[in-house]
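Trainee: Build me a model from this:
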Amino acid sequence: MVKMNFQRLLTLLAIASILVVAGSSGVRAAQEQGERVSEAQVKAAFLFNVVKFVQWPPSDLPSDTVVIGLVARDSFRRALEGLANGKTVNGRSIVVRELRDEEEARGCHIVFFDEASDGPRRSGILRQVRHGAVLTVGETTKFMTEGGLVRLYVEGDRLRFQIDPVGVQVVGLKVSAQLMSLAK
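Mentor: Residues are numbered from 1 along each chain as shown. Reported below is the predicted structural model:
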């Protein structure tokens, strides 16, 4: 598993001009105005930007859209929608969907579970997407042992994450060497 300091990642990405300039409702605008950025906004920025560093098999990713399914609170959904609204990543628009049932997860490229997501529901969705090229991201301590691929967690005042590089490979995704090289 790979651990990375999210602050370090953001700094390096900004210097390399990789981060998308978020709109007035985004994290960057809030920081420029001296506003406190919420945890939901930071996590949404991570999820929005991770699209740049993951490669899906061509048959699993249409040329114009990346679908992010959410099993999360409204505050996270609003933060992600604020970042994604009218923006593209690598020429693809980001579509945010709230997942109501397990079947809907099959049409997603990324599925995010917040720490309050229901265990049985989370397990069912993870089973649904287990053999597809879906990047699963979650916050619970057991998320990766349940089959999740990326775990976000807060340590002190920093957002960190772990990646299961073998699991990512097994489902047919490629995480950029650039992202992996930033890991501690």
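
Trainee: the strands in the protein, which residues?
Mentor: Assigned strands in the chain, in chain order: 2-5, 54-55, 65-71, 88-89, 92-98, 110-113, 135-138, 150-155, 158-163, 174-175 (criterion: DSSP state E).

Trainee: Take these and lay them out in a markdown table including mean neighbour count, mean pLDDT and distance to residue 127.
Mentor: All C-beta spots, glycine's among them, are computed from the backbone N, C-alpha and C. Below are those laid out as a markdown table (neighbours: other Cβ atoms under 10 Å; pLDDT from 0 to 100; distance: least, Cβ to Cβ, whole Å):
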| stretch | mean neighbour count | mean pLDDT | distance to residue 127 |
| --- | --- | --- | --- |
| strand 2-5 | 16 | 50 | 24 |
| strand 54-55 | 17 | 92 | 21 |
| strand 65-71 | 21 | 94 | 14 |
| strand 88-89 | 15 | 88 | 28 |
| strand 92-98 | 17 | 92 | 19 |
| strand 110-113 | 26 | 96 | 12 |
| strand 135-138 | 26 | 95 | 11 |
| strand 150-155 | 19 | 89 | 18 |
| strand 158-163 | 18 | 86 | 21 |
| strand 174-175 | 16 | 92 | 22 |
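
Trainee: Relative to residue 123, which of those is closest?
Mentor: Residue 123 lies closest to strand 110-113 among those, at 10.2 Å (Cβ to Cβ).

Trainee: Direction included, what does the closest one pair up with?
Mentor: Counting by DSSP bridges, the strands paired with strand 110-113 are strand 65-71 (parallel), strand 135-138 (parallel).

Trainee: got those strands as CSV, with distance to residue 120 columns?
Mentor: Shown next, in CSV, are the strands paired with strand 110-113 (distance: least, Cβ to Cβ, whole Å):
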stretch, distance to residue 120
strand 65-71, 12
strand 135-138, 14
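
Trainee: Which among those is found nearest to residue 177?
Mentor: Closest among the strands paired with strand 110-113, using Cβ to Cβ: strand 135-138, at 16.6 Å.

Trainee: Now do that closest one: everything it contacts.
Mentor: Here strand 135-138 makes contact (Cβ atoms under 8 Å, 6 or more residues apart in numbering) with 47, 50, 54, 109-114, 117, 122, 126, 129, 146-152, 168, 173.

Trainee: do stretch 109-120 as well
Mentor: Applying Cβ under 8 Å, 6+ apart, the contact partners of stretch 109-120 are 47, 50-51, 56, 60-61, 66-73, 76, 99, 105, 122, 125, 129, 133-140, 143, 148.

Trainee: before we move on, what about stretch 48-59?
Mentor: 13, 18-20, 66, 80, 83-84, 89-90, 92, 94, 109-110, 133, 135, 137, 150, 172-176, 178-179.

Trainee: of the strands of the chain, which approaches residue 41 most closely?
Mentor: Nearest to residue 41, of the strands of the chain and by Cβ to Cβ, is strand 158-163 at 10.5 Å.
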